[in-house]
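Student: Attaching a predicted model along with its sequence, questions to come.
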Amino acid sequence: MNSPVTQQAPAARPSASRQPSLPGPAGARTVQAAFAFSLAAVNLRIAVASLSPVLTEVEHDEHLSSFGAGALSTVPVLCFGAFAFLTPRLTRRFGPHHLLWYALLALTGGIVLRSVPGVFALFGGTLIAGAAIAVGNVLMPQLIKHDFAGRAGLMLGCYSLALSGGAALAAGVVVPLESATGWGWRQVLALWAIPSLIAALAWLPELLVPDRRSANRQRRELVKQGGADTATPTLRALWRDRTAWAVTLYMGLQSLGYYAILSWLPTLLQDHGMSDSQAGWMLSFSSFPGMAATFAAPWLQQRLRPSFVVPLAAALLCATGFVGLLTSPVSGAYLWMTALGLGQGLAIGLALGYIVARSPDAHHTGRLSTMAQGIGYLIACLGPLGLGLLHSASGGWSLPIAVLLAVLVAQTVAAFGASRDHHVLASS
């Protein structure tokens, strides 16, 4: 059987296009491009993960209710979905490489604005950062398919590893930085604008490559003339495709669980008597086994048969972590965080891999990425907000955890279709 991550199904579709094609990096430029790509990917979770360890402080200082704190955690994920649908139009206008650079600059500005005193700046900066990340989320699989087509499995592993690594770094050092510097949460959160600015500078050489500049000028002229890429599938066509929906649902449901835990795990552990710094560390710790799992996911999916084995293992690991948090959250914290990190790491690695593997070319990858991450993150935004509401309504964590276990069942069902070795829009 063909690999669902690194090999193509036989029913590939032609991809002739009126839109200029950008040559992938070659020679020594490949290393620089891969480094810049990975550095950009690191920043696509930092703004979100850095907030949750200090969410209780933010809630207190800004006089937010539990609903308000849940809404603040939900804004970035909601943006991931809503702004994903604008990315194809922006990509046609600016080109993927220029657009990623603009997104990194916007992310830098959003992080700085979020640290300005006042609820308006807090939510406004969070919205800008979320919109910028949404654009990057959609672009990354497309860039992997186009610029690194011969190394898609490796770059998918690096991409997933960078996402987990950024989240682990941000979640683990925010509270220690507060203690070490004596700064408040605003100053510490503002520091995360530095790595996003560095990523923008590292990506700058990709904009100066002559073939990219030439192709970008041609693209702008084509857009001015009203031209369209006739070979690129429409979102409407994908909405009628079962494989596309399976990939989308898997992306959305695994993201729902991930962002729910990312937003509320420190609070859950604090409610059971764990210190703020230890609770933040546990969230960070879960990312370390998660990084190993995300990097290994493409390799495991290629070699283990049937293809459904890996997503099933991911679900069982997550279930173990959830049940542990329900029964003995503090005494067994390291064990539950290891299981949860491995399960969620495998799941995100698989979800990103399905976007690339279920697409015959970069054009299809761009559209499937838009659908999977647009609709998927709109589903995922129910996680932080819903968990907060359930916690407030029930006064505990039993009901929220039970709902997350139910979501795992639906995620596992979606994996049946997403793991099938079949391209979107290909005849059955």
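Tutor: Cool, got the structure.
Student: how close does the spatially most central residue of the chain get to Pro205?
Tutor: Using C-alpha atoms, centre = their mean, the residue of the chain that lies closest to the mean C-alpha position is Asn137, 6.0 Å off. When C-beta to C-beta, to the nearest Å is applied, the distance between Asn137 and Pro205 equals 23 Å. All C-beta atoms are positioned from the backbone trio N, CA, C, and that covers glycine.
Student: Give me the below-cutoff pLDDT ranges for the stretch 151-300 of the chain.
Tutor: Within the stretch 151-300 of the chain, the set of residues satisfying pLDDT under 70 comprises 209-235.
Student: at 90 what do you get?
Tutor: For the stretch 151-300 of the chain, applying pLDDT under 90 flags the ranges 151-182, 205-241, 258-267, 270, 272-288, 290-292, 294-300.
Student: As a check, name the ranges of all helices in it.
Tutor: Per DSSP state H, counting those that start in this stretch, the stretch 151-300 of the chain has helices spanning 152-181, 185-190, 193-208, 210-224, 235-238, 242-271, 276-303. These are given in chain order.
Student: Output those in a markdown table; the columns should cover mean neighbour count and distance to Ala415.
Tutor: Shown next, in a markdown table, are the helices of the stretch 151-300 of the chain (neighbours: other C-beta atoms under 10 Å; distance: least, C-beta to C-beta, whole Å):
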| stretch | mean neighbour count | distance to Ala415 |
| --- | --- | --- |
| helix 152-181 | 22 | 17 |
| helix 185-190 | 20 | 35 |
| helix 193-208 | 18 | 32 |
| helix 210-224 | 14 | 37 |
| helix 235-238 | 14 | 19 |
| helix 242-271 | 25 | 6 |
| helix 276-303 | 22 | 11 |
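Student: so which of these comes closest to Gly118?
Tutor: helix 185-190 (10.4 Å; C-beta to C-beta).
Student: on that earlier part again, how far does whichever strand or helix holds the residue nearest to the centre of the chain sit from its chain's centre?
Tutor: Using DSSP states H and E, Asn137 sits within helix 119-147. Distance of helix 119-147 from the chain centroid (C-alpha atoms, centre = their mean, to the nearest Å) equals 9 Å.
Student: Tell me who's in contact with the nearest residue to Ser179 once chain neighbours are set aside.
Tutor: The spatially closest residue to Ser179, leaving aside those adjacent along the chain, is Ser277, at 7.2 Å (C-beta to C-beta, 6 or more residues apart in numbering). Applying C-beta atoms under 8 Å, 6 or more residues apart in numbering, one finds that Ser277 lies in contact with Val175, Pro176, Ser179.
Student: Once you drop chain neighbours, what's closest to the second one?
Tutor: The one in question is Pro176. Nearest non-adjacent residue to Pro176 (C-beta to C-beta, 6+ apart): Ser277, at 6.7 Å.
Student: quick check, nearest of the contacts of Ser277 to Thr248?
Tutor: Val175 (35.4 Å).
Student: Buried ones in whatever helix or strand Leu335 lives in, by neighbour count?
Tutor: Assigned by DSSP H and E, Leu335 belongs to helix 333-357. Neighbour counts using 16 or more other C-beta atoms under 10 Å place 333, 336-357 of helix 333-357 among the buried residues.
Student: Just the mean pLDDT for it, thanks.
Tutor: Mean per-residue pLDDT for helix 333-357: 92.
Student: Now do it: which elements does it pack against?
Tutor: Secondary-structure packing of helix 333-357 (3 or more C-beta pairs under 8 Å, 6 or more residues apart in numbering; DSSP states H and E): helix 119-147, helix 152-181, helix 242-271, helix 276-303, helix 309-327, helix 362-380, helix 398-418.
Student: right, so of these, which gets closest to Phe80?
Tutor: If you check each of the helices and strands packed on helix 333-357 against Phe80 by C-beta to C-beta, helix 362-380 wins as the nearest, at 3.6 Å.
Student: So the residue nearest to Ser179 versus Tyr334, what's the distance?
Tutor: Using C-beta to C-beta, we find Ser277 at a distance of 15 Å from Tyr334.
Student: follow-up on the earlier one: can you redo the helices of the stretch 151-300 of the chain as a markdown table with distance to Leu312?
Tutor: Putting these into a markdown table (distance: least, C-beta to C-beta, whole Å) gives the following:
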| stretch | distance to Leu312 |
| --- | --- |
| helix 152-181 | 19 |
| helix 185-190 | 38 |
| helix 193-208 | 35 |
| helix 210-224 | 42 |
| helix 235-238 | 26 |
| helix 242-271 | 12 |
| helix 276-303 | 12 |
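Student: So which of the ones you listed is nearest Leu122?
Tutor: Comparing these by C-beta to C-beta, helix 185-190 comes nearest, at 9.0 Å.
Student: can you pull the alpha-carbon coordinates of the closest one into PDB?
Tutor: The C-alpha trace of helix 185-190 is given here as PDB (Å, rounded to 0.1, in the frame of the first residue of the first chain):
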ATOM      1  CA  TRP A 185       2.700  39.600  32.700                       C
ATOM      2  CA  ARG A 186       2.400  42.400  30.200                       C
ATOM      3  CA  GLN A 187       6.200  42.900  29.900                       C
ATOM      4  CA  VAL A 188       6.900  39.200  29.800                       C
ATOM      5  CA  LEU A 189       4.300  38.600  27.100                       C
ATOM      6  CA  ALA A 190       5.700  41.500  25.000                       C
END
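Student: From the chain's centroid, how far away is that helix?
Tutor: Relative to its chain's centre, helix 185-190 lies at 23 Å (C-alpha atoms, centre = their mean).
Student: And for stretch 74-94?
Tutor: Worked out by C-alpha atoms, centre = their mean, stretch 74-94 lies 13 Å from the chain centre.
Student: Give the buried residues for it.
Tutor: Applying 16+ other C-beta under 10 Å to stretch 74-94 flags 74-85, 87-88, 90-92, 94 as buried.
Student: cool, and stretch 311-319?
Tutor: Residues of stretch 311-319 classed as buried by neighbour count (16+ other C-beta under 10 Å): Pro311, Ala313, Ala314, Ala315, Leu317, Cys318, Ala319.
Student: For these, give me JSON lines that also has pLDDT and distance to Arg45.
Tutor: As requested, these are arranged in JSON lines below (pLDDT from 0 to 100; distance: C-beta to C-beta, whole Å):
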{"residue": "Pro311", "pLDDT": "94", "distance to Arg45": "21"}
{"residue": "Ala313", "pLDDT": "95", "distance to Arg45": "23"}
{"residue": "Ala314", "pLDDT": "95", "distance to Arg45": "18"}
{"residue": "Ala315", "pLDDT": "96", "distance to Arg45": "22"}
{"residue": "Leu317", "pLDDT": "97", "distance to Arg45": "20"}
{"residue": "Cys318", "pLDDT": "96", "distance to Arg45": "18"}
{"residue": "Ala319", "pLDDT": "96", "distance to Arg45": "23"}
